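> What shape does this take:
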Amino acid sequence: MGELLDLLMFAMACVFLMMGFPVAFTLAGTALIFAGIGWAFGVFDMSFIGFMPQRIFGNAIWNEVLLAVPLFVFMGVMLERSKVAEELLETMGKLFGAMRGGIGVSVTVVGALLAASTGIVGATVVTMGLLSLPTMLRRNYSPSLACGSICAAGTLGQIIPPSIVLVILGDQISNAYVDAQREAGNWSPEPVSVGDLFAGALLPGLMLVGMYLTYQLFMAWWKPETSPAIPAEELRDGADDLGSRVVHALLPPVILIIAVLGSILAGVATPTEAAAVGAMGATLLAGLRVRELNMDYVMLTEKPVQFGSLSRIAGAALIGFVGGMLVANELLGGADSALVGGVVGAAVLAVLTRAGGVRGLLAMLDSRGNGPIYAAALSLVFMLILSNYVDLRIRRDEISGSDMAFTLLAAAATLVVVWGVLVAGWRVWAAGILRLVNRGTMEISAMVFTILIGAAMFSLVFRGLGGDDAVHAFLTQLPGGTYTAIIIVMLVMFFLGFFLDFIEITFVVVPIVAPVLLANDYISPVWLGVLMAMNLQTSFLTPPFGFALFYLRGVAPDTVKTMDIYRGVAPFVGIQVVALLVLGFFPILANWLPEVIFGTSFVS
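Next up is the predicted model:
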């Protein structure tokens, strides 16, 4: 009876979702209804509901890994608002425009760069749809090829790290792996981190980019009329300074990618810490873009003298506070002494600055220039390098963690970063960007965590009705063993992607099936996680509910038919399936880099 109710509960949840009900409330509401039905028939113990608060606190509120989600979302939305994608698309279009299929190639390259720096599918698809699709249609590109290229490039943010789906999936895979290992008698399993999944997804993600580019170049050779080149005379305008424009467009996002992804892969920072670095870096970049694009930030232009004076005073107070804390702590010791020293230092420097005593010294803090932002960006990179260097020397017992020289260097770099972020933050706030970014971050993060809570209720009732035992029995009794079970799970996830979002599939399906699949020592959790991530990526492209299709349909001109979009994404879905098969047959693509970087191997 319980197994029948599980099947009915899953079917009813799918029906309600296709009817348009909100995902989180559908999952939680359906679970509560069937919990009541199961209790009435005596097959469900209501004490299971009592575990719900513990799941919410353990899986959401106290989960430091998932803290990276709003930070990565903030980074992506901030970069979208700072118009980084527009400059990249324009510059890459000029760079590759002379070759057939060049605009499509530039869309894929920009999609890969944005994937590695933002990871927000909706923002990427909408931005490229607004900027590139009219240009491609004007250049007589095939509407289906143009639409397919934009949608596919936009979804790269789901597999190329840092990615929100990898953060969520990494948390679920980690929990499932620990449960599976403990069930097998291993009470101290090697932990699976989000960093492992980031490293594991890098090569498959780049492989997918290469397959996209190969297809576009093949189409340009096989059917030249589908993707013609831009006439040479049109490319002559601005050709003289193309090199400097490419550097200007590429350098900021590449530095941000290195700072975020590089700090994770180098072991300097956890994904959550790296996400905070990315959020600061995106704010600095947006602060520069506000000034370069002459955006209207009234509070910085109408009262430059007053604001400049306040900036110098605030900067002096900040330096005085931190410097006073460091000096007092070194000379006197103790938290109280450090606090008093910080307050005294802040007051002294603020008064001196207001009186003009150190005006020349603090003139560099005037926020009307870009100096603080450039200095903050360099200091951010310097701090990452310094952290890696200090950590390496501590592990070699060459220095202690409290070495004063490195402490002062870190403190000075921190001050510069804080001041640069404050300057950039003020600019984007005065320009009205920060409010929009905060609102977008809040909406997306609230959606993710609300779905997490609803999915937790759904999986709890599913287990209470005996569904996990039924799934375990079904998957373990299949002919062919675990690999047949993985194929079945991949097929189920692929077809669920036609109707459900990756978040629902991750929170509902993965906790149920992953512990069964990971019960075998020869199945790598990193490989399985990357395999699932690449599979979930197709959910954005498969009709009728592929979100990338909806995003592009909303911004595409009326001359582009919905069937053009569907026909355009079909070859790219096929490419993703081929990439999934390649990754399935060659697990080393996902397992090699984590083992090289972190020295961890999850396969016995």
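> Going by C-alpha atoms from here, please, whenever you check contacts or count neighbours.
OK.
> what bits of the stretch 1-150 of the chain have low per-residue confidence?
1, 58-61, 118-120, 123 (pLDDT under 70).
> 90 instead, please
Flagging of the stretch 1-150 of the chain using pLDDT under 90 yields the residue ranges 1-32, 34-104, 106-107, 109-141.
> how about the helices in it?
Using DSSP state H, counting those that start in this stretch, the helices found in the stretch 1-150 of the chain span residues 2-18, 23-40, 52-56, 68-81, 84-96, 102-117, 121-138, 143-154.
> Of those, flag the one that's most buried.
Highest mean neighbour count among the helices of the stretch 1-150 of the chain (mean count of other Cα atoms under 10 Å): helix 143-154, with a mean of 28.
> what's the angle from that helix to helix 102-117?
Helix 143-154 and helix 102-117 are oriented at 20 degrees to each other (axes from the mean of the first three to the mean of the last three Cα atoms, to 10 degrees).
> Please list the outside residues in contact with helix 143-154.
With contacts defined as Cα atoms under 8 Å, 6 or more residues apart in numbering, helix 143-154 is touched by 104, 107-112, 115, 121-122, 124-125, 128-129, 133, 136-137, 226, 541, 548-549, 552, 560, 564-572.
> Show me what secondary structure element comes after that helix.
As assigned by DSSP states H and E, the chain's next helix or strand after helix 143-154 is helix 164-183.
> What helices and strands are in contact with that next one?
Contacts defined by 3 or more Cα pairs under 8 Å, 6 or more residues apart in numbering; DSSP states H and E place helix 164-183 against helix 68-81, helix 194-222, helix 502-508, helix 510-517, helix 525-537.
> elements contacting the helix or strand that the last one is followed by?
Of the helices and strands lying after helix 525-537 in sequence (DSSP H and E), the nearest is helix 547-555. Using 3+ Cα pairs under 8 Å, 6+ apart as the contact criterion, the elements in contact with helix 547-555 are helix 121-138, helix 143-154, helix 562-585.
> for those, which one sits closest to Val167?
When the helices and strands packed on helix 547-555 are compared by Cα to Cα, helix 121-138 sits nearest Val167, at 14.9 Å.
> so who does Val577 touch?
Val577 makes contact with Asn535, according to Cα under 8 Å, 6+ apart.
> rewinding a little: could you dump the helices and strands packed on helix 547-555 into a markdown table with distance to Ala430 added?
Converted to a markdown table, the helices and strands packed on helix 547-555 look like this (distance: least, Cα to Cα, whole Å):
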| stretch | distance to Ala430 |
| --- | --- |
| helix 121-138 | 23 |
| helix 143-154 | 30 |
| helix 562-585 | 39 |
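> just so I know, which of those helices lies nearest Ala455?
helix 121-138 (22.1 Å).
> Pull the distance from stretch 4-18 to the chain's centre.
Centre-to-centre, stretch 4-18 and its host chain are 30 Å apart (Cα atoms, centre = their mean, to the nearest Å).
> what's in contact with that stretch?
23, 26-27, 30-31, 34, 38, 462, 465-467, 499-500.
> now those in JSON lines, with distance to Gly281?
As requested, the contacts of stretch 4-18 are arranged in JSON lines below (distance: Cα to Cα, whole Å):
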{"residue": "Val23", "distance to Gly281": "33"}
{"residue": "Thr26", "distance to Gly281": "37"}
{"residue": "Leu27", "distance to Gly281": "37"}
{"residue": "Thr30", "distance to Gly281": "42"}
{"residue": "Ala31", "distance to Gly281": "42"}
{"residue": "Phe34", "distance to Gly281": "47"}
{"residue": "Gly38", "distance to Gly281": "51"}
{"residue": "Phe462", "distance to Gly281": "42"}
{"residue": "Leu465", "distance to Gly281": "47"}
{"residue": "Gly466", "distance to Gly281": "47"}
{"residue": "Gly467", "distance to Gly281": "45"}
{"residue": "Phe499", "distance to Gly281": "36"}
{"residue": "Leu500", "distance to Gly281": "33"}
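> what about the nearest residue to Val277 once chain neighbours are set aside, neighbour count?
Take Val277 and drop its neighbours on the chain: the residue closest to it by Cα to Cα, 6 or more residues apart in numbering is Val260, 6.5 Å away. Using other Cα atoms under 10 Å, Val260 is surrounded by 29 other residues.
> Over to Val492?
For Val492, the neighbour count with other Cα under 10 Å is 13.
> Can you report phi and psi for Val192?
phi -100, psi 120 (degrees, to the nearest 10).
> closest to Ala431 out of the helices and strands packed on helix 164-183?
helix 68-81 (10.9 Å).
> now for the closest one, which elements pack on it?
helix 121-138, helix 164-183, helix 271-292, helix 433-464.
> Mind checking the pLDDT average for the third one?
Read that as helix 271-292. For helix 271-292, mean pLDDT is 82.
> Where does pLDDT dip in this structure?
Looking at the chain by pLDDT under 90, you get 1-32, 34-104, 106-107, 109-141, 154-196, 223-485, 492-493, 495-524, 536-564, 594-604.
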